[in-house]
Every structure is written in structure tokens, then in C-alpha cells.
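>>> Sharing a sequence plus its predicted fold:
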Amino acid sequence: MLLSESHKFKPTGEQKNTLITLHKKYNINSSEFIRTAINEKLNREKETIFKTYKEVQRYIKKHNECPF
């Protein structure tokens, strides 16, 4: 059973150098670092995301059609 999907992203040159430095100097797993950073960002923005979702749902119920 596959719990996650693979996604490719293209870091900028500076981001790539930073990840390499974190790995070499501080022995930090780059993949785990990125997952943690994404998780923290989603947790910070969770309230805004759900607020927007609820507004869209209210609009759909009000007009009985999908706006997009």
C-alpha cells in the first residue's frame, strides 16, 4: 500500500547549496528537512486554508453550482 507519492521539485542554486551544506556540515537528512519544513508551513496556514475552503463551500451551496 502506497501512503505517499513522489514529487520532483527544482531548487534554486542557492537552495541546493544550502541543502548540501546542511547535509555535509551538520549531517541533516535533506529529505526529512524538506518534509518537516512543508509540514510546519501547512500547520501555520491551516486556518487560512480551511477558512477559504469553507467560503467556497458556502458559495456552492448558495448558488447550487460549482464556480469553476
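Received it, and whenever you're ready, just let me know what you need.

>>> While we're on R35, how confident is the model there?
pLDDT for R35: 88.

>>> Check which helix or strand it maps to.
helix 30-63 (DSSP states H and E).

>>> Could you name the helices and strands sitting against that helix?
For helix 30-63, the contact count by 3 or more CB pairs under 8 Å, 6 or more residues apart in numbering; DSSP states H and E identifies helix 13-26 as packing neighbours. C-beta: built from backbone N, CA, C; applies to glycine.

>>> Go ahead and name everything in contact with the helix it packs on.
P11, I28, N29, S30, F33, I34 (CB atoms under 8 Å, 6 or more residues apart in numbering).

>>> how about that helix: buried residues?
Neighbour-count burial for helix 13-26 flags L19 (criterion: 16 or more other CB atoms under 10 Å).

>>> let's number from 53 now, not from 1
Understood, numbering begins at 53; the last thing we discussed is helix 65-78.

>>> May I have that helix as CSV, with CA atoms only?
Only the C-alpha atoms of helix 65-78 are listed here, as CSV (Å, rounded to 0.1, in the frame of the first residue of the first chain):
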residue,chain,number,x,y,z
GLY,A,65,21.2,27.0,-6.9
GLU,A,66,21.3,28.7,-3.6
GLN,A,67,18.8,26.3,-2.1
LYS,A,68,20.7,23.3,-3.4
ASN,A,69,23.9,24.6,-1.9
THR,A,70,22.2,25.2,1.4
LEU,A,71,20.8,21.6,1.4
ILE,A,72,24.3,20.2,0.5
THR,A,73,25.9,22.3,3.3
LEU,A,74,23.3,21.1,5.9
HIS,A,75,24.0,17.5,4.9
LYS,A,76,27.8,17.7,4.9
LYS,A,77,28.4,20.0,7.8
TYR,A,78,25.5,19.1,10.2
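
>>> quick one: it to helix 82-115, angle?
On the basis of axes from the mean of the first three to the mean of the last three CA atoms, to 10 degrees, helix 65-78 is oriented at 130 degrees to helix 82-115.
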